[in-house]
Every structure is written in C-alpha cells, then in structure tokens.
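Chemist: Generate a structure from the sequence data that follows.
(chains A and B)
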Amino acid sequence: MSHPVRATDAWFSQAQPSTEILVSVSAIVPDDGEHLESFVRATVAALDAYYVYYELLLIDNGSPLDVQWQIQGLQRTVANVRMVRLSRKYSKELALAAAFDHCIGDYVILIDPLIHPPEQIPRLVAAAATGCDSVMALSSSRRETILDRVVCGPVYRLVSSLLGFELRPNESTYRVFSRRLVNSIVRIRSKNRYLSYLNASVGLRQSIIWYESNLPERRLSSIRNMCRQLNTISNILVSNSAVPLRFAALMGVLASTGNLLYLVYILIVTLVKSRIAEGWLTLSLTSTTMFFFLFVILTVMAGYVARILDESKEQPLYFVESETNSSVSSTGQQRLNVIQERVSPTATGGANDR
Amino acid sequence: MRNGITRRPEYDAVIIGGGFYGCSIALALAPRLPRILILEREGDLLTRASYGNQARVHNGYHYPRSLLTALSSAANYPQFRSEFSDCIDEAFVHVYAIARGSSKVTAYQFRKFCDRAGIPLRKPPAVVARLFNPARIEEVFAVEECAFDAVKLRAHMDAKIRAAGIDLACNSDVEQISRNDSEAIRVALRDGSRVSAPFVFNCAYSQINQILDRSALPRLPLKHEVAELALIQVPSPLQGVGVTVMDGPFFSTIPFPALQLHTLSHVTYTPHESWSDFEESPRRSIPTPVSKYKFMLKDCERYLPCLRDANYVKSLFEVKTVLLRNEVDDGRPILYSRDHGLPGLFVILGAKLDNIRDIVRELSAEQFNTRSLHVTSC
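Modeler: Next up, the predicted model:
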C-alpha cells in the first residue's frame, strides 16, 4: 500500500555532498534535442550539489544522429554522463528496461527531460533513504478530471482487484527506485512490460511526494489521456492475467450448458408434439450437438492457454524483501562436549537375578 | 652510480627509461655492447607503468576477438613464467566470467576460441562459480593465467642489471637528445650533466614524445590516458581468487601480490582523461584525477554481489600510452623505430610485459657497429 510521505527540508539539507551513496539518474533522450543540453546541465548541477558519486544515464532510443552527436559533445565537457544507444526505436517500456539494466546506482531515478524538474532529485533520494523502495514525485499542478474519476478510477480499481495489487491511473514516471527494487525488476524479462505493473507486482515499500510546479504535467487532452490510460490498463490485464481468458471459458461453459438444455428441449418437443416441420429435428440436433462440442473444446482450450500464459511468463516465483536472524544464541547454558555414561549399580554388583 | 652520472661521459648505449622494457633491452644488448647506462627519472627501477598495472601475465584469454594476439600471448606465456618464476604468483584461482547480454562473445564462442588458441579451460570450483549473479553472468571458466609481483620483479631486474655490469643512474630526467660532433648522440640531463653514446634507446613510455619534442625530433602518433587502478581488500570468498568479466564494458579484479591486495580495473571507469600529443605539444604534468572507485565497485556488485563487502584501500594512477591507430582495438604492438630522426636513436614503446621476447628477438637481428655508428639489419 502506498502512503504519502511528508517531505521536510531536513531530509535533504546537507552541509556537504554525500559520499555514502551513488545516485543514477536515467532519462530516455527525446527525439527533439532542443532542451537536451539545458536538461543535462541542470540535472548534473542538481546532482553535483548533493552527491560526490552520481551518473546521468541517457538512453538514446533510436533518436536522430544529430542528437547523438549533441550528447557526445556534452560528454566532452560534462562529467559522469553515460549514453547507451539502442539499435533502433523500441517502446518506451523497453527503453526503461535498458535503463534499469545499465544503471549502477544505489538509487535509480527515472526522469522525463521534457516535463520533470531535476531539482526534485535530492528530495526523492532523501525520501527513498528513509526506507521506501519506490517513491513517486507528483506535481501539484496535476488535476483529476471528471473522466479520471468516473471512468479510469473504477476501471483501475476493477483491474487491481482482478490482479491482486493496486494500480492507479496517471502514475508518474518521475520516480526513484532502490537498488533492491531495481534488482528485482531486472529479473522480470517479459516482453510486454509496464513499469507501473512491474513495480506493483514486486511490491516492497512505496510512497509519494508532491512538488510545486507550474509546468503542465500532461501533454494530452483529457479524452486522449483517458483512452491512453484505458489502453494501458487493458494491455496490462491481458498481458499479465488469465482472468479474461477464464471469463471466456466460463462463457463457453454457460453456452454449452444452454446447448445441452436446448437438446433436451428438442427431444421433448419431438416426443410430445405430433406435428413438426420436416427436417427440423435433424437440423436442430446437428447444430446443437456441434455447438455443444465446440464450446466444450473451447472451454478446455481456454483453461490450458491460461496455464500456458502463467507458466510462460519469465518471472521469479517471489521476491524477498530481506532476511533477518536471531541476535541471541540458541541456549543460555553452555553445552559441553562430554558424554556421561551411567551404569546401573545392580549390573556392576555382580548380583545374579536368578 | 645509482644517483647522477659521475663516472663516464661516454657509453656504447644509453637507455632512457628504467622500466621493464628499458631494463630488458639493456640486458639484451649487454653481451654486444659492453658499456651501457640506464637513465631513470624516478628513484628506482620499475616504479611507474611497470608497477602500476594489473600485474596480469597474459596467456591469451583476454583476446577472444583477436586470435593472433591470443596465440602470441599464449606462445610468450610459458617463457615469461619460467624466466621470472621467482616473481610469479600462481597461488590463486583465476576465473573468466562471460557476461550475458552486452558481452561481445558468448560462452560458446569463448570456449571455441580457447580451443582454437590451444589454451586450457576448466570447470571452476563450485564455491567460486556460486559467487556470480546468474542473471548477468552466462558461464564461468577457470583458466591458467598468473600474476606477477611487481616488487619482486624490480628486485629481479635490479640483480640482473648489477650482474651484467650495466650502469644505472636514477633521478635522472632527460632534457634533450642531440647530435654530437663526433657523430655520437649526446643526452643532456635536467641537472646539466651530459652523457654521449653512439646508440640511444628512448624507452620512456608516456614520456617518449616529450623527450622527442624537446629535442626537436619528430613525435610519434601516441595516445595517452590516465588510468586508475583501484586497490581493494576483497571479502573472504574472493581471497585467493582472480576474476575477469568478459567481453565488453566490464571489469577484472585480480591479486596484486606486491601489496597483498586485489586490483580492480573497469573498462568504463579506469580510463580518465585522454589526449594525444602527436599534433599538439606534450603535457608536462598531469593532475591526479578524482577516484572513480565507487563507480567501479557499484557496477561490479551487480555481477559479483560479494564485492559489496570489499574495502577500498587506494588507487594507483598511471599514464597508459598506446598507438593512435590501436586506440579502438585490442592490438597492443610494440612500436620500434630505428634511426628515429638521428642515426643511432631508437624509439621503443613497450606494450604488455609478457611480450618482451618479441622486442628482444627484434634487437638480436640488429648489428651494432660502434665504430662506423651505422646500424645494419640482418
């Protein structure tokens, strides 16, 4: 369960940069390199003020060559900037997977260069350092529309209850992840990836911080945003849950039962009624029997496909948060490695029982 | 004679640079040229690049993408091992781990490569193989590759040089090389003293171009790089184990016998600043950069989780010099330039320590005629 964390300045007010941790900030390079340089400089400045060890990992997701050159130019003047160039343009979720695979920090922050202010990074890290494995930064400019409340909210709640863990609409990708969470996420190698799902499926401790921002956090109209949210949640459901398939199997069972009842009805009509149209019996019997078998077969196949889906997901069975041990020894008294052999006095006395 | 030149103003050969290459070349020439002097800038032999490196004696495993380099390493390996047997540390298990995903070779290709190069691969001890993160490491192999003790190597070379009657002048910074009236080469030192010889060998590694530049001689196309080698105390499961993760932006941590520690070098974080002094004038001093050991350790932990408990001790920073044309590949040939701007001036850029036989063989083909001062090749 996530709960908002109240961020106070005391968390991240540091007299000097921290040498304890290594912070990785990762961003997918936008195709338009216009704001790239200011983003890189602002991010590195924000990091440099708080940490000695940090890296900015840019994932170049098949952006134009001039953007690549621009980054290489920046690497000559700005320290600790790494670029991983993917071979072609992949989906955003796969590019994020590359970010997780390549970053090395104790804390990994995902940031969108176009909409997220890098000044919030120290606050995010400070919030994570209190023991949260994932902290999401949300802008105060974010407004919940009527569509969000009436359509997206209930759909997300329904899907969350089907999947067994909580998903929320309009989640921000501006997040910090602990190394523990990153290590768990990189073990999930499924191709249909959704960060919000991966994050929720691993679990661990999650929280939210809010920041003041005048930048619009969304670039889409509310209807388009709703369509996108619904598309995402339906994809998450289909990729990760066999519930829709089980639902289809249930329909198959119902349809085949209906067919079976209709078969009985046909037989009763044939026996009771004296006048029935010629050929009706044959046609009805053929179609009902066929449909009955068809639905039975579909039901069985849906059951198997559901199991194949569950088994084919390359996902560990469980993730461990931590392991702890007793800090006291098992017994209070010292055990000596001495065997005491007691011999009964009657046996040694030589007395004969007889 | 270990400090400053006082005894003789003339020699048969002067060798600039008392590193492993300079000393080995002096020893190779000693039977033919009786009066040899080694000029070393530092206070002792083998203190710079010959000391501050990974101490790995290559047996070829490192070059799965260049069979020729591997074959030549494998050919030199037994010879180096027997010649310097008193400086060799073989008392550790050396494993090569092939990374998943971004490695340029797969475990299958690596096995095939070792097969073709004729270098043995064995199953690693289970306790060592278990240390690796299976999600990031495809397979682990035990190999036959040792490390050398840089301090013992220094003592070894020093003893040989004394035995061969070669003069050594430490704390001798060469200022300039010029032509003498008597057709010999004159070497002027920073302290004002001079020495001349018909044959001068510039084996100053990263300082080669600086000396050439001050002598108004043509510079070589070299690229320099400040390389950081972190020295760490490894946790107990890694004691007596050397690890090399192949083949790409990975790392290796192998014993450094001279200090009883492990070195840690990382393809991404070991190189700091790099520059070329071929077209611009050489740099006289290089400031020590900020250590990147934290980056190295954090990345390594992802492959070898037990490195979490490693203790960082210090870093060795050394300038690494390669030929400009080899900056992108693994080829590390020895550069050998004879009569470089002056008859009798040889420039030799050493590469890997275990390739020393190659240059010794090359020099054995030369004929040094001290009277005519002309070098003829056989």
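
Chemist: and chain B, what are its domains?
Modeler: B:13-48+B:151-218+B:340-377, B:90-148+B:222-325 (automatic domain parsing).

Chemist: Go through these and name the closest to chain A.
Modeler: domain B:90-148+B:222-325 (4.3 Å; Cβ to the nearest Cβ). Backbone N, C-alpha and C define where each C-beta goes, glycine included.

Chemist: distance between the ends of the closest one?
Modeler: 34 Å (Cα to Cα, to the nearest Å).

Chemist: Alpha carbons of stretch A:290-305, as PDB, please.
Modeler: Extracted in PDB, the C-alpha atoms of stretch A:290-305 (Å, rounded to 0.1, in the frame of the first residue of the first chain):
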ATOM      1  CA  MET A 290     -21.900 -29.400 -32.800                       C
ATOM      2  CA  PHE A 291     -22.200 -26.200 -30.800                       C
ATOM      3  CA  PHE A 292     -22.100 -28.200 -27.600                       C
ATOM      4  CA  PHE A 293     -18.900 -29.900 -28.500                       C
ATOM      5  CA  LEU A 294     -17.400 -26.700 -29.900                       C
ATOM      6  CA  PHE A 295     -18.000 -24.900 -26.600                       C
ATOM      7  CA  VAL A 296     -16.700 -27.700 -24.500                       C
ATOM      8  CA  ILE A 297     -13.500 -27.900 -26.600                       C
ATOM      9  CA  LEU A 298     -13.100 -24.000 -26.400                       C
ATOM     10  CA  THR A 299     -13.600 -24.100 -22.700                       C
ATOM     11  CA  VAL A 300     -10.900 -26.800 -22.200                       C
ATOM     12  CA  MET A 301      -8.500 -25.000 -24.500                       C
ATOM     13  CA  ALA A 302      -9.000 -21.700 -22.700                       C
ATOM     14  CA  GLY A 303      -8.100 -23.500 -19.500                       C
ATOM     15  CA  TYR A 304      -4.900 -24.800 -21.000                       C
ATOM     16  CA  VAL A 305      -4.000 -21.400 -22.600                       C
END
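
Chemist: For that stretch, give me every contacting residue.
Modeler: With Cβ atoms under 8 Å, 6 or more residues apart in numbering or on different chains as the test, stretch A:290-305 has contacts from A:Ala242, A:Leu245, A:Arg246, A:Ala248, A:Ala249, A:Gly252, A:Val253, A:Ala255, A:Ser256, A:Asn259, A:Leu260, A:Leu263.

Chemist: Identify the residues contacting the last one.
Modeler: Read it as A:Leu263. A:Leu285, A:Thr288, A:Thr289, A:Phe292.

Chemist: Could you list the low-pLDDT ranges of the stretch 151-300 of chain A?
Modeler: A:215-220 (pLDDT under 70).

Chemist: Which residues of it lie near chain B?
Modeler: Listed as neighbours of chain B in the stretch 151-300 of chain A under the rule Cβ under 8 Å from any Cβ of the partner chain: A:Asn183, A:Val186, A:Arg187.

Chemist: any idea which of those residues is closest to chain B?
Modeler: A:Arg187 (5.9 Å).

Chemist: Ramachandran angles for that closest one?
Modeler: Per-residue torsions, A:Arg187: phi -80, psi -20 (degrees, to the nearest 10).

Chemist: how near is the closest residue to it other than its chain neighbours to A:Ala200?
Modeler: The shortest distance from A:Arg187 to any non-neighbouring residue, by Cβ to Cβ, 6 or more residues apart in numbering or on different chains, is to A:Pro316 (5.4 Å). According to Cβ to Cβ, to the nearest Å, A:Pro316 and A:Ala200 sit 15 Å apart.

Chemist: Counting neighbours, go ahead and name the busier of the two.
Modeler: Neighbour totals were compared for A:Pro316 and A:Ala200, and A:Ala200 leads with 21 against 11 (other Cβ atoms under 10 Å in any protein chain shown).

Chemist: Correct me if wrong: that one contacts A:Glu166.
Modeler: Yes. Assessed by Cβ atoms under 8 Å, A:Ala200 is found in contact with A:Glu166 at 6.2 Å.

Chemist: Run a quick neighbour tally on residue 272.
Modeler: Since you didn't name a chain, this refers to chain A. Per other Cβ under 10 Å, the neighbour tally for A:Val272 reads 8.

Chemist: Can you look at chain B instead?
Modeler: For B:His272, using other Cβ under 10 Å, the count is 17.

Chemist: Need the pLDDT of it.
Modeler: Here, the pLDDT recorded for B:His272 equals 87.

Chemist: my read is it is in a strand, agree?
Modeler: Yes. Counting by DSSP: H, G, I helix; E, B strand; the rest coil, B:His272 is part of a strand.

Chemist: Adding secondary structure, write the contacts of stretch A:290-305 out as CSV.
Modeler: Below are these laid out as CSV (three-state DSSP):
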residue, secondary structure
A:Ala242, coil
A:Leu245, helix
A:Arg246, helix
A:Ala248, helix
A:Ala249, helix
A:Gly252, helix
A:Val253, helix
A:Ala255, helix
A:Ser256, helix
A:Asn259, helix
A:Leu260, helix
A:Leu263, helix
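
Chemist: Among those residues, which one lies nearest to chain B?
Modeler: Comparing those against chain B with Cβ to the nearest Cβ places A:Ala242 closest, at 26.0 Å.
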